[in-house]
Every structure is written in C-alpha cells, then in structure tokens.
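Asks: I would like to see how this sequence folds:
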Amino acid sequence: FNLFEFDKKVYRPEVYIPDSIYQDDMIQIISNQKVSYQSAFIDKDVCKKNRSVSDFCKAEYKPPHTEITVKKNNPVQYVIHVKQSGGTSPFLLVFQNSYHKDWKLSLNQNSSLSEEKHFLVNKYANAWIIAEDDRKGKTDYILTLNLEKQRYFQYGLLVTGLSLFIFLGLVIKTIVGRKN
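Replies: Below you'll find the predicted structure:
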C-alpha cells in the first residue's frame, strides 16, 4: 500500500553515468535551461585540477550505451557491474555521496584508478573518469567502490574485540583460580 509515490524518473540513482555534462555554474545553468536528471555539473576550477580532468573537460562528451547494476554491500562498499555496448571514449561515473578523497574505485578488485581521475561534481558528489586504458578494452566488467579509511576502523574493531575477549578470559581465570 502506497500513500504517495514519487515518479522514479525525478531521482538520480546512487551511481549513474551522466547523459550530459555541463562545465559552468550549476545554479545558473539550471535556472536558465531545462536539464536532465542524469546530468553532471563540473566547475570550471575543477576542470583545471589536473591533466586527466582538463583533457576530459575539453573533449566532447558522448555517453556510452551502458547498463549498470549496483549492489550496496554496506555503506562503505559498492559493487558496480558495467555492461557496455560500443563506444571507446572516456565516460564519467558519478557516485551520489558526499565527496571524499578516500573513496576508491577499482576494476575487477585490482589496483584503484588514478587519483587524478577522481574529482568533485554537482557541488558535492564523487566522479571518476573511466577511460579505455582503465578497463583494458573490456565491455563487461566489475567496479568496486570502497571508502579506504573504513578499513582501519574495521581493523581497530577486530583488535579491540580480541583484546576484550583475552581480558575477560584472564579475569575469569583469576576468579576461578582464587576460589580453588
């Protein structure tokens, strides 16, 4: 039973490939023209960030014919299955989560894409340029998105849990030893 349901076309998915890219002030563009919900906005300053982003900004963007499936394993890990039909030009993958430099995108669980290819879009989100050399000519591949710093927290949690377990074991052993 749905009391009210929004049209799903008006929401951007958590991970998407934009159908158009604008390289100007987002607010000004939105107020002056109709844009698609699948658009991405790159600030002019971001386009000057490094060579990879600069070259991408200068080129004409042609979104690939791509189907993506996203599986959220947990809040800091996503698995993205990409099926691409044709097109060899670089494309943008946008992750609708607050930008953080420690989000890492890797292909088939190998090394992460270059830091140069990760940048801010839509004034808050993460984006990566995925080029032909990154996907090594593949048209069907798996991308893994992880928040790197979270790994340290998980290691700390494991060490803390083990320490607590050992401590409780020693306390119980001491109490049982005193009773004997």
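Asks: tell me the helix or strand right after the worst-scoring helix or strand of the chain on mean pLDDT.
Replies: Ranked by mean pLDDT, DSSP states H and E, the weakest helix or strand in the chain is helix 26-32, scoring a mean of 71. Sequence order places strand 39-41 as the next helix or strand after helix 26-32, per DSSP states H and E.
Asks: note down every partner strand of that following strand and its orientation.
Replies: If you go by DSSP bridges, strand 39-41 pairs up with strand 20-22 (parallel).
Asks: go through the partner strand and flag the buried ones.
Replies: Residues of strand 20-22 classed as buried by neighbour count (16 or more other Cβ atoms under 10 Å): 21-22. To be clear about C-beta, it is placed using only N, CA and C from the backbone, and glycine gets the same treatment.
Asks: ditto for stretch 25-40
Replies: 26, 39-40.
Asks: pull out the buried residues from stretch 14-23.
Replies: Applying 16+ other Cβ under 10 Å to stretch 14-23 flags 15-18, 21-23 as buried.
Asks: centre of the chain to that stretch, how far?
Replies: Stretch 14-23 has its C-alpha centroid displaced from the chain centroid by 13 Å (Cα atoms, centre = their mean, to the nearest Å).
Asks: for the most centrally placed residue in the chain, what are its contacts?
Replies: With the centre of the chain defined as its mean C-alpha position, the nearest residue by Cα atoms, centre = their mean is residue 95, 4.3 Å away. Contact analysis of residue 95 by Cβ atoms under 8 Å, 6 or more residues apart in numbering lists 14-15, 78, 103, 125-128, 145.
Asks: of the residues you listed, which is the most crowded?
Replies: residue 127 (26 neighbours; other Cβ atoms under 10 Å).
Asks: now do the strands in the chain.
Replies: Using DSSP state E, the strands of the chain run over residues 15-16, 20-22, 39-41, 65-74, 77-85, 91-95, 103-107, 118-121, 125-130, 140-147.
Asks: which strands and helices sit next to the fifth one?
Replies: So that's strand 77-85. Judged by 3 or more Cβ pairs under 8 Å, 6 or more residues apart in numbering; DSSP states H and E, the packing partners of strand 77-85 are strand 65-74, strand 140-147.
Asks: with distance to residue 170 and mean pLDDT added, can I get those in TSV?
Replies: Converted to TSV, the helices and strands packed on strand 77-85 look like this (distance: least, Cβ to Cβ, whole Å; pLDDT from 0 to 100):
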stretch	distance to residue 170	mean pLDDT
strand 65-74	33	91
strand 140-147	35	91
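Asks: so for residue 176, which of those strands sits nearest?
Replies: Closest of the helices and strands packed on strand 77-85 to residue 176 is strand 65-74, at 39.2 Å (criterion: Cβ to Cβ).
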